[in-house]
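Return a 3D structure for these sequence lines:
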Amino acid sequence: QVQLVESGGGLVQPGGSLRLSCVASGFTSDYYSIGWFREAPGKEREGVSCTSIRDGRTYYAGSVKGRFTISRDNANNTVYLQMNSLKPEDTAVYYCAADDCGSPNYWGQGTQVTVSS
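Below you'll find the predicted structure:
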């Protein structure tokens, strides 16, 4: 049974940083894509960043490119999202998702990120 457990959300001032973590369990190998989505109040869920196992590339939404960095630690089955220069519009529930960047089948429970002064 696949499980994704996120942590690291919280309240941060504009311009600040947070690092989200997602621990994956239940996969039988490392051959899966994994990434992050977010959902802000009143908005549709959107993809933020993903590491694709299909083409080995890393993808970022235009709104976060240059500010967010995704990284993956296969030894510990963990994916991270380092978020710098946070803006109020980054406020959302952030979800870890696997096993496909476009249409993931597995989702975490979400972690709240609030950017406010």
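
if I look at the residue nearest in space to the middle of the chain, how far off is Thr28?
By C-alpha atoms, centre = their mean, the chain has its centre lying nearest to Trp36, at 2.6 Å. Using C-beta to C-beta, to the nearest Å, we find Trp36 at a distance of 23 Å from Thr28. No exception for glycine: its C-beta is placed from N, CA and C like everyone else's.

now swap in Arg19 and tell me
From Arg19 across to Thr28, the span is 28 Å (C-beta to C-beta).

who's more crowded, the two?
Neighbours were counted for Arg19 and for Thr28 using other C-beta atoms under 10 Å; Arg19 has more, 13 against 7.

re the thing from before, wait, the residue nearest to the centre of the chain sits on Gln82?
No - using C-beta atoms under 8 Å as the test, Trp36 is too far from Gln82 to be in contact (11.0 Å).

Now list whatever residues contact both of these two.
Taking C-beta atoms under 8 Å, 6 or more residues apart in numbering as the contact rule, Trp36 and Gln82 both touch Ile70.

Shouldn't Arg54 be within a helix?
No - assigned with DSSP: H, G, I helix; E, B strand; the rest coil, Arg54 falls outside any helix and is coil.

residues contacting it?
Ser33, Cys101 are the contacts of Arg54 under C-beta under 8 Å, 6+ apart.

what pLDDT does it get?
With respect to pLDDT, Arg54 has a value of 85.

give me phi/psi at it?
Dihedral pair for Arg54: phi -70, psi -40, per degrees, to the nearest 10.

Distance-wise, check it relative to Tyr32.
Distance check for Arg54 against Tyr32: by C-beta to C-beta, it reads 10 Å.

cool, Asn77 as well?
Using C-beta to C-beta, Asn77 is found at 10 Å from Tyr32.

residues shared between the contacts of these two?
Listed as contacting both Asn77 and Tyr32 by C-beta under 8 Å, 6+ apart are Ala24.
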